[in-house]
Structures are given as structure tokens and as C-alpha cells.
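Colleague: coords please:
(2 chains)
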Amino acid sequence: MHVEPPVGSPRSLEEAYGLLASAPHRPLAGGTDMLVQLTGELGPAPERVLDLWRLDELRGIRVEGGALEVGALTTHAQIRRSEACAAHAPTLVAAVATIGAAQIQNRGTIGGNVMNASPAGDTLPVLLALDAVLVAGGPRGERSIPAVGFWPAYRSTALAPDELLLRVRIPIVDGRRQAFRKVGTRRAQAISKVVLAAAWRRDPAWRDVRIAFGSVAATPIRATAAEAALEGAPPTAASIDRAVAALLAELRPIDDVRSTAAYRLEVSGRILRRLLEDAS
Amino acid sequence: MTYRLVVNGEPAEVGVPGMRRLLDVLREDLGLTGTKEGCGEGECGACTVLVDGEVVVSCLVPVCQVDGSVVRTVEGLAVAGGSALAPLQAAFLEAGGAQCGICTPGMLMAADAFLAAGAEPTDDAIRGAIAGNLCRCTGYTKIVDAIRLAAERRQAGAGAA
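Modeller: Coordinates of the predicted model:
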């Protein structure tokens, strides 16, 4: 039988903060990760759960102040249907379309993906590549945390135990191009072996290059050496060669249940090369 | 806690822990054993039901999140007061869309949502609609045939009406 920890179901953010302050709770969004943890086969279940599902204030997608804002409880299915996301963050739409299938996309949320902090979380490299900012709330008010510092270690986040993720802010940048690649065992229902998101401008040299990977380290990462190899360089075969060489020197993937270090390294180099060739 | 939901058109009230899986509420508390448990971790789709018209895997939905919702399970498909198969079920029977049967209730619910959405029944669209439902027997071809058959008959019926 599954573990059934006690659950609080607040009707407002204030009530949620109050419950979090009163005792440790594990926040619950769409449940697609946490309910698996309640099988008891993946380590201890949370002592108490804080169900956020009724907090409609955490839902919705809007363009505001030069940024695309996606509420933490917005589901993958809602992101797939969003015209604003298609216009400003097509890589985010591409990423959520690969998370499980319809059953998972109807419940799983972007906030859940961010806070589950899996190194294989498919939206996380996208948020790194698009310079996203994570907006958290708590008893001390709101604060903004850049995605690049949000996942400091394996399965951990920058949030304090009494804080909740409220929304994701993705700055809208003129002329920015973006691309997403995921390699798994099949097209639906597969957890990534390697996931890559990239963003750049061209003038025609490479500018503002962001290259982010998932499933190749303990956290989602930026490939900063590969980025530096491209920045300001002309879009030639030589600059792509240098970027791929830099990537292969900086990545340190591991063997695990889903893939091997050697495969991940080989595939990472190849998908980056193809992405850059397509972008040249 | 007491949770109220509407299951296959009937109001239901259960007094259970809020983190109980919808799957367990349906099977154990409401006695609706048509919904099957496959993997129990959201990979196989066997426990697929509709919540407010959307497909979900009931092994990953806690009952506290469906308080006030409308749930449809495989028991809700049959027509004429449960005495006759729905056209979708008849099409599965006719096309040979089931072998061992463990995936069938979930396949039927994913197909039911696909039919309700009214999309053109191309192979790609049908395969996309059941991408979250694994079958280890059929190779999927006869399941796709069954869903196409049901969709075509539905379209023909709508055209005639």
C-alpha cells in the first residue's frame, strides 16, 4: 500500500505560507513526481504534504514588462496550447511536449519540474538557455533568483523551506533564436539520456550564446566553455569544431540506469554540432 | 476528510486520507475495479481515467486534488443503462483491439478522450493520443484500427444526423 501522509489543502497563498511556517511540509503541485515517491520504494516519504492545486493565483501565462511569465502551477498541456509561449519560448513548448504523454502533461506543472530539481528535468536546460528568473514567495516577501544559480547541487534548489515557487519569468529578447534537442529511448514517455537547449543571436557572428544541458551532470548545467568558443566568432565550420571540442572537454557525464557516460558524451557533441550547423 | 466527486454521472462521497490515490479510491473505496493498476508510477497508462474530461493516470492523482471533479472510468462507457457496449467498445471487439486486456480500460479512456476532441483520425493523431498507454500484446496496430473505426463511424453518424 502507498504511504498516505497528512495533507493540507490551503485556499490562498497566505494560508499556504502559514502552514509552511507551522511545520515542515513538502509542497505538492501536479503530483506526477511526488506520487511516485509515495510508493516507499525511493526512500522516505514526506512527513506532511502541502497541496497547492487549489491556488489558482499560481496559474496562467502572460506577457508583462518585457517578459513571458508562466505561473508555477501552469501545466505542460497549458504551455503546449499557449500562443504566447509558442511566440516567445518555442523551446519551452518543445520541452514540455516530450514530458511523458498527455496523461502526465495534463497534471505535471512547470513549477513542479523546476522544484523536483531532477538533473533530467526537461524544462530546466531551457530555463538556463533563456536566462529565466525564478520568482519565489514567502513570509519575507518575493524574491527573484536567476536560473543559473537555482540548482546548486543534486536535487536541491535555492529556495528556503518556508518559500514557494510562484512563477517563471523569461525575458523577451529581440532577435534571439533558440533550439531544443532531447535524446531518450522513444519519443513519448522517455526520461532523457541527454537534453540540450540553446539560445543565441547572430550579427552575423555568434552573440549572447547560451548552451545548456540536462542529464549529463548532477544538476542541469550551462556549457560555458562551448559558449565562450562561439561568442563573437563567425558562424564557420571552424568555430563549430572549436565549440564541440570545448564541450567534450568540459562535460563529465556518468554511467547510470538510463545511459552510459561514453554514450552521453558522444551524443552531446553530435547534437550540439548539428544544432549549430542548422543555425549557421 | 470527506471528498465529493461525480463518478460516471453518479455523486460519490468518500471519507479517506487526502493523499490516497484516485486509483485506490475508485477500486477499493468505490468498488470500480474496471480501472487497472499496471506500473503504479505513471509510465504505462493502464489506470487512465478522465478527470473533468482530461486523461490522467489515476495512480498519480491524490483524491484531495479531485474534490468536486467529474471522473469518468471504463464503467461509464457502456450505454443503455450499462446493458450495451459503447460504439468504441464494440469497435475494439470487432477489430481485435484487445488480447490480455490489462491495458484495455486505459486504452479505451484515452480513445474516448480522442473521440470527444473530434480530431481527424489519422494514424499519427491516433498514435499520439495513445502514446501514454503501453500494450505488450498487440503491437498496437489493431488498437489503432479499432479507434479509427470508431472515429469513422462517429463522423458518419454525425454527418447523417
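Colleague: helix/strand/coil for the closest residue to chain A within chain B?
Modeller: The minimum distance from chain B to chain A, using Cβ to the nearest Cβ, falls at B:Gly132 (2.8 Å). All C-beta atoms are positioned from the backbone trio N, CA, C, and that covers glycine. Secondary structure, DSSP: H, G, I helix; E, B strand; the rest coil: B:Gly132 is coil.
Colleague: residues in contact with it?
Modeller: A:Gly100, A:Ala101, A:Ala102, A:Gln103, A:Ile104, A:Ala188, A:Gln189, B:Gly45, B:Thr48, B:Val55, B:Val57, B:Ala110 (Cβ atoms under 8 Å, 6 or more residues apart in numbering or on different chains).
Colleague: turn the residues you listed into TSV, including neighbour count.
Modeller: Output for the contacts of B:Gly132, formatted as TSV (neighbours: other Cβ atoms under 10 Å in any protein chain shown):
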residue	neighbour count
A:Gly100	25
A:Ala101	26
A:Ala102	26
A:Gln103	33
A:Ile104	26
A:Ala188	19
A:Gln189	21
B:Gly45	29
B:Thr48	32
B:Val55	29
B:Val57	34
B:Ala110	27
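Colleague: return the residues of chain B in contact with chain A.
Modeller: Residues of chain B lying close to chain A by Cβ under 8 Å from any Cβ of the partner chain are B:17-21, B:24, B:40-43, B:45, B:48, B:51, B:54-57, B:59-62, B:64-65, B:110, B:113, B:129, B:131-134.
Colleague: that older thread, nearest residue to the residue of chain B closest to chain A in space, please, no chain neighbours.
Modeller: Distances taken as Cβ to Cβ, 6 or more residues apart in numbering or on different chains place A:Ala101 nearest to B:Gly132, at 2.8 Å, with adjacent residues excluded.
Colleague: the one you found against B:Ala131, yeah?
Modeller: Yes. Between A:Ala101 and B:Ala131 there is a contact under Cβ atoms under 8 Å: 4.2 Å.
Colleague: mutual contacts of these two, please.
Modeller: Residues touching both A:Ala101 and B:Ala131 (Cβ under 8 Å, 6+ apart): A:Ala188, A:Gln189.
Colleague: need the contact list for the residue of chain A found nearest chain B.
Modeller: In chain A, the residue that lies nearest chain B is A:Ala101 (2.8 Å; Cβ to the nearest Cβ). Contact analysis of A:Ala101 by Cβ under 8 Å, 6+ apart lists A:Ala188, A:Gln189, B:Gly45, B:Ala131, B:Gly132, B:Asn133.
Colleague: if we use 10 Å, what do you get?
Modeller: Contact partners of A:Ala101, counting by Cβ atoms under 10 Å, 6 or more residues apart in numbering or on different chains, are A:187-189, B:42-43, B:45, B:48, B:55, B:57, B:110, B:128-134.
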